[in-house]
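Enquirer: sequence plus the predicted model coming up.
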Amino acid sequence: MPSIKLSSDSNITSNPHKFLDLSSVTELPDTHAWTPQPDHECSSPTPTPTPTPTPSKCNDESVPIIDLNNENATELIGHACRTWGVFQIINHNISQKLLDEVELAGKRLFSLPMQQKLRAARPHDGISGYGVARISSFFPKLMWSEGFTILGSPLEHALQLWPQDYHKFCDTIEKYQKEMQKLANRVMWLMLGSLGITEEDLNWAGGGGGGGGGGCAALQLNSYPACPEPERAMGLAAHTDSTILTILQQSNTSGLQVTREGAVGWITVPPHRGALVIHVGDLMHILSNGLYPSVLHRAVVNRTRHRLSVAYLYGPPSSVKISPLTKLVDNLHPPLYRPITWSEYLGTKAKHFDKALKSVRLCAPRNGFVDNNNNNNNDHNSTVKVG
Ligand SMILES: C=C1C[C@]23C[C@H]1CC[C@H]2[C@@]12CCC[C@@](C)(C(=O)O1)[C@H]2[C@@H]3C(=O)O
Ligand SMILES: O=C(O)CCC(=O)C(=O)O
Ligand SMILES: [Fe+2]
């Protein structure tokens, strides 16, 4: 498991003392008042999610739901990645019991008194622990959420939060990390398989057999308390994930919204009990040489319901340089991105946020014009150390 440390010159601030105890606030403070957001479908409670979602082919309106037992899963996933950059999966073999347990562990954590949570506050130059969203510094207003990031072992944080009774949290998180690692590796190989990529083309990723070899990950617990004025608040501002892929578990309250090229506005991803959402991340976009878009997404909040989400942010091992896969590159399709490690990319994201991908780009096709001049970014100072 990795240890990721932000270097001190990072642009990301993580001052936990900005924290209001959101669950006790009855009026939206100015610090959290965003201008009203279009497509904020958040003022009415979500009905209980449907127990058995119907797998669908891609259509224009809703994010596809893909049954991993479907014999055409590879093609369906490939199509969803090209057209949406996001899809939901069912029959993924993660037990409902484990999904419920991790949700409960998150609820237990966020319902602790603020003083206790602050004992595990994310250090100013760090990545793991309790804090506001890392991307907060790029926005003038604060988000209506609190987060907890775990890298590798949860033990240190569990001891800070529950000095006597840390076992329960650790057991659940460790079991979840193990299962998610296998699933992330399997889904990654389904995504790559549909591009014709085989094990010989990618030697760090440990094959698609579900052994889980290769990647590193961060686990992010997000809590969105009920909000007195949801249409003026923002749970988690629009972003793409700096990952190969992200596995997102959302509790039974909707809030996740995505965009899709060609579609107008935000599209809600409805929660389905037992289904997991998969996001194509920026590093998969690079690997696929731009064939798979990384999905722009955000989380909105709700007037009456508390919402919890758990994101398993999956990336490559620290020393691996990620670049467009050789098989996808030829004279007609030059590499669009320069090689970059996950740590370097996290540093770039911390500095440039939504311009991060662009800053790694080699050639921007403009009316067929190839432009190699915007590779001006070495970002050595903002490298994030992984491993
Ligand atoms: C491995 C990762 C990926 C991180 C940074 C680091 C740990 C925490 C992740 C998130 C989780 C919440 C959204 C995000 C945008 C954020 O603010 O923190 C993510 C970010 C990224 O995907 O860039
Ligand atoms: O809460 C959600 O639905 C989104 C969370 C998310 O985007 C993240 O943790 O990266
Ligand atoms: Fe995200």
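Expert: Yep, it's here. Ligands and ions are numbered 1, 2, ... in the order given.

Enquirer: low-confidence ranges, the stretch 251-387 of the chain, go.
Expert: Low-confidence segments of the stretch 251-387 of the chain (pLDDT under 70): 364-387.

Enquirer: can you pull up the residues of it that come close to ligand 2?
Expert: 255-256, 297, 299, 309, 311 (Cβ under 6 Å from any ligand atom). Placement of C-beta: from N, CA and C, glycine included.

Enquirer: wasn't residue 160 part of a strand?
Expert: No: according to DSSP: H, G, I helix; E, B strand; the rest coil, residue 160 belongs to no strand; its state is helix.

Enquirer: check whether stretch 155-163 comes near ligand 1.
Expert: No: Stretch 155-163 does not reach ligand 1 (Cβ under 6 Å from any ligand atom); its nearest approach is 13.7 Å.

Enquirer: ok, residue 67 - contacts?
Expert: Residue 67 is in contact with 55, 73, 89-91, counting by Cβ atoms under 8 Å, 6 or more residues apart in numbering.

Enquirer: let me redo that: residue 109
Expert: Residue 109 makes contacts with 117, 148, 161, 169, 221, as judged by Cβ under 8 Å, 6+ apart.

Enquirer: filter these to the buried ones?
Expert: With burial judged by 16 or more other Cβ atoms under 10 Å, the buried subset of the contacts of residue 109 is 117, 148, 161, 169, 221.

Enquirer: now the two most distant members of those.
Expert: 117 and 169 (12.8 Å; Cβ to Cβ).

Enquirer: overlap in contacts, these two.
Expert: Between them, residue 117 and residue 169 share the contacting residues 109, 161, judged by Cβ under 8 Å, 6+ apart.

Enquirer: residue ranges for the helices of the protein, please.
Expert: All helices of the chain, identified by DSSP state H, fall at 73-83, 96-110, 114-117, 155-161, 167-193, 282-287, 342-352, 356-360.

Enquirer: out of those, which is closest to residue 241?
Expert: Nearest of the helices of the chain (Cβ to Cβ): helix 282-287, 6.9 Å.

Enquirer: which residues does that closest one contact?
Expert: By Cβ under 8 Å, 6+ apart, helix 282-287 touches 81, 85, 188, 191-192, 240-245, 292-294, 315-316, 322-325, 336-337, 340, 342, 345, 349, 356-357, 360.

Enquirer: and if we set it to 6 Å?
Expert: 240, 242, 244-245, 292, 294, 322, 325, 337, 357 (Cβ atoms under 6 Å, 6 or more residues apart in numbering).

Enquirer: count of residues packed around residue 337?
Expert: If you count neighbours by other Cβ atoms under 10 Å, residue 337 ends up with 24.

Enquirer: swap that for residue 338, please
Expert: By other Cβ under 10 Å, neighbour count at residue 338 equals 17.

Enquirer: can you tell me which residues contact it?
Expert: Per Cβ under 6 Å, 6+ apart, neighbours of residue 338: 360, 362.

Enquirer: one more: residue 74?
Expert: Taking Cβ under 6 Å, 6+ apart as the definition, contacts of residue 74 comprise 190, 193-194.

Enquirer: how about the residues of the stretch 51-200 of the chain that lie near ligand 1?
Expert: 127, 133-135, 149.

Enquirer: can you put those in a markdown table and add pLDDT, neighbour count and distance to ligand 2?
Expert: Listed next are these as a markdown table, based on pLDDT from 0 to 100; neighbours: other Cβ atoms under 10 Å; distance: Cβ to the nearest ligand atom, whole Å:
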| residue | pLDDT | neighbour count | distance to ligand 2 |
| --- | --- | --- | --- |
| 127 | 92 | 25 | 13 |
| 133 | 92 | 24 | 8 |
| 134 | 91 | 24 | 10 |
| 135 | 94 | 17 | 9 |
| 149 | 98 | 23 | 9 |
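
Enquirer: report whether stretch 165-182 contacts ligand 2.
Expert: No: counting by Cβ under 6 Å from any ligand atom, ligand 2 is not contacted by stretch 165-182; separation bottoms out at 13.3 Å.

Enquirer: avg pLDDT for that stretch?
Expert: Across stretch 165-182, pLDDT averages out at 97.

Enquirer: what lies in contact with that stretch?
Expert: By Cβ under 6 Å, 6+ apart, the residues outside stretch 165-182 that reach it are 94, 101-102, 105, 154-155, 158-159, 210, 212, 247, 312.

Enquirer: which one of the contacts of residue 109 is nearest to residue 228?
Expert: The closest of the contacts of residue 109 to residue 228 turns out to be residue 117 (Cβ to Cβ; 21.5 Å).

Enquirer: ok, how many other residues are close to residue 322?
Expert: 23.

Enquirer: what ranges do the strands span in the stretch 251-387 of the chain?
Expert: Here the stretch 251-387 of the chain has its strands, by DSSP state E, counting those that start in this stretch, at 256-258, 267-268, 276-280, 297-299, 307-315, 384-386.

Enquirer: does the fourth one reach ligand 1?
Expert: No: applying Cβ under 6 Å from any ligand atom, one finds strand 297-299 out of contact with ligand 1, separated by at least 9.3 Å.

Enquirer: partner strands of that strand and their direction?
Expert: According to DSSP bridges, strand 297-299 forms sheet pairs with strand 236-239 (antiparallel), strand 256-258 (antiparallel).
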